[in-house]
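Asker: next comes the sequence, and after it the predicted model I'd like to discuss.
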Protein chains: 2
Amino acid sequence: MNNFEFYCPTRVFFGRDQQKHVGEIIKGYGFKKVLLHYGGGSIKKIGLYDEVVKSLNDAEIDFVELGGAQPNPILGLVKKGIEICRKENVELVLAVGGGSAIDSGKAIALGAVNDCDPWLFFAKKKEPERALPVGTILTLSATGSETSTSTVITNEELKLKRGFNSELNRPLFSILNPELTFTVSPYQTACGIVDIMMHTAERYLTLKGEAEVTDRIAEAVLKSTIQAGRAALKNPEDYEARATLMWAGSLSHNGLTGLGRDYFMVSHQIEHEISGMFEEVAHGAGLAVVFPAWMKYAYKYNIPRFCQYAVRVWNCEMDYANPENTAIAGIEATESFFKEIGMPTTLGELNITEDSIEEMAEKCTNYGERILPGYIEYGKKEIIDILRLCL
Amino acid sequence: MNNFEFYCPTRVFFGRDQQKHVGEIIKGYGFKKVLLHYGGGSIKKIGLYDEVVKSLNDAEIDFVELGGAQPNPILGLVKKGIEICRKENVELVLAVGGGSAIDSGKAIALGAVNDCDPWLFFAKKKEPERALPVGTILTLSATGSETSTSTVITNEELKLKRGFNSELNRPLFSILNPELTFTVSPYQTACGIVDIMMHTAERYLTLKGEAEVTDRIAEAVLKSTIQAGRAALKNPEDYEARATLMWAGSLSHNGLTGLGRDYFMVSHQIEHEISGMFEEVAHGAGLAVVFPAWMKYAYKYNIPRFCQYAVRVWNCEMDYANPENTAIAGIEATESFFKEIGMPTTLGELNITEDSIEEMAEKCTNYGERILPGYIEYGKKEIIDILRLCL
């Protein structure tokens, strides 16, 4: 195991009806002024908005609202939120929704108390000194943002999608009620399943490091997600299935499944260019296209590890005489599962043609400024090769 | 999954040389006065004491010392520590050692800032309102106290060993360097292996609740511990093996491996009576005697779960026509492993005779005041029956 530091202080309230206590929870911390931040109308349709407002009112928490966070949340709305927070002396950002609302809320929480263009954090030009606290109520199991250090924002003018990781981004508390995901569509559920799996699979399959208990926990998260994913798609109101997806989703990206290893989420970085340029592409769908291609490109550099993945996660039989077959079997099982749950596995299915590949590769390397680390280094040429495998 | 609340804010510094930074870490929090609490001479023998003192001095942290925490730490020393903390205005208790020093340190941290006999917390007569912060440097992978809510103290006058669980007990930070466990004896290593496994096995096998991802994480922790345990006993300086034991040990008792289920650690409660009355019995050794007996007593009430345990943790073949055989195979595999690593599995090996059984059962039920919950209720009679199976 490589040395690591781990600090995940988000207080998790998991289960039925937990959202009804959000007002008391906030009051318990002593906060009096809140920004209620959310996406579109779905939280109103499922009655969650009313429950939250009632709970805040009952606890005498004063709040202002900002809706409109979209999938692949944009900088423009973040800046609006920052203005509101400053004008209204907001003390806590309460993000209600999926990863979009939460990431948007986290970015607002950063920008509200730092005197600079918040995009500088995402462009890695500046580090924030502080952030407002963030609370979340999750309505979609996918990004793990409810317990992660991560926030991902799209600069809509530059058509660039970038993530910023910091301990400042860990929410103070998160309310996780699986019932709030019962009405998530099959497509969105499937996108979420892919994103959850990828957070762990990218920690598991990239770079280097030997970490027995981390490996087995990663396998546990992957296997649970596959099984619960199938069950939730079969019956959207299967509480146990939705609960497993929700908790696996949080654990998959809070750091636990990578501790003691070095990793780099290259598929995520490539995907950011796809949904950065093509805003309508859901992050999970983009990942379902990129990841199998990356695996086909990279497995030769670490056949033993891809065999471990195939056998332990997908129950493939180990071909001891020809391990490469087993590595390939694991890739096929993954791609097959993505198709089974309705995800695209080619750029064509996303209506993206070969013409866009070079530009995506350029952006991914920041126009030659950065190389992505891996078993080999990924520069523009390597990323183009991977994207070609996605065609 | 049952509803749960999870909050584990201990900051973990894992890996080689991390103990050299303890002074900076404490300084970073702003503390200036520390109680350095430890056990016997072992931390001096391995050079850790000198490293810690140097680091504290370099960071200009003022400190007072209290050594002498013993395995099954006693109330008398806790009270000494409380006096010192109050007299010296200690701001943080730095516990350096195994679970004994850490539990003793946690109890001191509770008592120092609450105006009552600290035993009242352990006797469940009073709740503490606050606690001093605790930092730890771990030298023995066993109790999980470095990230847990738990502290277990023996009232040496009453010969009663009781635990007290509270969020107040979670350490502020813990330094986990596997190298510090290289010189742990095979016997102590084995006691630790049993304790680590039991924290998860008792969460896994008792009471009720369906929690897929929790189950698989529990299995991951158990399998890793078995594999790393064997490796560490074979080569005490196998860094990866010691690292796996250390991290599995923390995860096994920080709550993660039971989330979403109801459980009750009945074997732990029974074992407390053994090492409460017979101070020389190591906690892990006592557990190795009690747990197989409890399993033999209880498996009939939940054969499916004991089958899941046998197959997933021990790789037993599932006997679909006669599942009871599989449940029994898992118990045998457990007992066999305990023997393999040099643990006792009978009271006789601990020089305890049938004569002591009734008194231990009386104490375990607080002289009839409490029933231990399980598939059935455990009163004095049931506990006697289990202890008889330990003969």
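Answerer: Right, received. Where do you want to start?
Asker: gap between the nearest residue to residue A:126 once chain neighbours are set aside and residue B:334?
Answerer: Nearest residue to residue A:126, sequence neighbours excluded (CB to CB, 6 or more residues apart in numbering or on different chains): residue A:120, at 4.0 Å. Any C-beta I mention is one placed from the backbone N, CA and C, and that applies to glycine too. Going from residue A:120 to residue B:334 by CB to CB, to the nearest Å gives 56 Å.
Asker: so for these two, which residue has more residues nearby?
Answerer: More neighbours surround residue B:334 than the other of residue A:120 and residue B:334, with 24 against 15 (other CB atoms under 10 Å in any protein chain shown).
Asker: ok, the more buried one - contacts?
Answerer: B:201, B:291-292, B:295, B:314 (CB atoms under 8 Å, 6 or more residues apart in numbering or on different chains).
Asker: and the helix or strand where it lies, how far out from the chain's middle?
Answerer: Here residue B:334, judged by DSSP states H and E, is contained in helix B:323-340. Counting by CA atoms, centre = their mean, to the nearest Å, helix B:323-340 is centred 23 Å from the centre of its parent chain.
Asker: give me phi/psi at residue A:96?
Answerer: phi -120, psi 110 (degrees, to the nearest 10).
Asker: I misspoke; the intended subject was residue A:4.
Answerer: Residue torsions, per degrees, to the nearest 10, at residue A:4 are phi -150, psi 160.
Asker: chain B contacts on the stretch 151-300 of chain A?
Answerer: With CB under 8 Å from any CB of the partner chain as the criterion, the stretch 151-300 of chain A comes near chain B at residues A:178, A:210-214, A:216-217, A:219-221, A:223-225, A:227-228, A:239-240, A:243-244, A:247-248, A:251, A:259-260.
Asker: can I have the buried ones of these as a PyMOL selection?
Answerer: For the buried members of these, the matching PyMOL selection, counting by 16 or more other CB atoms under 10 Å in any protein chain shown, is:
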select buried, chain A and resi 178+211+212+213+214+216+217+219+220+221+223+224+225+227+228+239+240+243+244+247+248+251+259+260
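Asker: from chain B, how far off is the most far-flung residue of chain A relative to its centre?
Answerer: For chain A, the C-alpha farthest from the mean C-alpha position belongs to residue A:321; by CA atoms, centre = their mean, that distance is 37.8 Å. Per CB to the nearest CB, to the nearest Å, residue A:321 is found 23 Å from chain B.
Asker: what does residue A:272 give?
Answerer: 27 Å.
Asker: so that residue belongs to a helix, correct?
Answerer: Yes. Assessed with DSSP: H, G, I helix; E, B strand; the rest coil, residue A:272 lies in a helix.
Asker: next one: phi and psi at the closest residue to it other than its chain neighbours?
Answerer: Counting by CB to CB, 6+ apart, the nearest residue to residue A:272 once its immediate chain neighbours are dropped is residue A:161, at 4.2 Å. Note on residue A:161: its backbone torsions stand at phi -110, psi 120 [degrees, to the nearest 10].
Asker: before we move on, what about residue A:64?
Answerer: With angles defined as degrees, to the nearest 10, residue A:64 sits at phi -120, psi 160.
Asker: biggest helix in chain A, by residue count?
Answerer: helix A:212-234 (DSSP state H).
Asker: tell me the pLDDT of the residue nearest the centre of chain A.
Answerer: Residue closest to the mean C-alpha point of chain A, counted by CA atoms, centre = their mean, is residue A:143 at 2.5 Å. Per-residue confidence at residue A:143 stands at 95 (pLDDT).
Asker: measure it to residue B:381 for me?
Answerer: Relative to residue B:381, and taking CB to CB, residue A:143 is found at 53 Å.
Asker: swap in residue A:29?
Answerer: From residue A:29 across to residue B:381, the span is 48 Å (CB to CB).
Asker: quick one: which of the two has more around it?
Answerer: Neighbour tally, residue A:29 and residue B:381, criterion other CB under 10 Å: the higher count belongs to residue A:29, 14 against 9.
Asker: for residue A:239, see how far away the more buried one is.
Answerer: As for residue A:29, its distance to residue A:239 is 29 Å (criterion: CB to CB).
Asker: do residue A:307 as well
Answerer: From residue A:307 to residue A:239 the distance is 36 Å (CB to CB).
Asker: domain assignment for chain A?
Answerer: A:11-180, A:186-389 (automatic domain parsing).
Asker: span of the last one from start to end?
Answerer: Chord length of domain A:186-389, first to last residue, is 27 Å (CA to CA, to the nearest Å).
Asker: is the residue farthest from the centre of chain A in a helix, a strand, or coil?
Answerer: Strictly by three-state DSSP, residue A:321 counts as coil.
Asker: tell me which residues in stretch A:66-83 are buried?
Answerer: Neighbour-count burial for stretch A:66-83 [16+ other CB under 10 Å]: A:66-69, A:71-75, A:77-79, A:81-82.
Asker: from those, which land in strands?
Answerer: Among these, the ones falling in strands (DSSP state E) are residue A:66.
Asker: hmm, which two among the buried residues of stretch A:66-83 are most spread apart?
Answerer: A:71 and A:82 (20.5 Å; CB to CB).
Asker: other residues contacting stretch A:99-107?
Answerer: Residues from elsewhere that reach stretch A:99-107 (CB under 8 Å, 6+ apart): A:35, A:37-39, A:69-73, A:75, A:77-78, A:81, A:93-95, A:118, A:122, A:131, A:134, A:136, A:138, A:140, A:142-146, A:150-153, A:164, A:169, A:171, A:195, A:283.
Asker: buried subset of those as a PyMOL selection?
Answerer: Filtering those down to the buried ones (16+ other CB under 10 Å) takes a single PyMOL command:
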select buried, chain A and resi 35+37+38+39+69+71+72+73+75+77+78+81+93+94+95+118+122+131+134+136+138+140+142+143+144+145+146+150+151+152+153+164+169+171+195+283
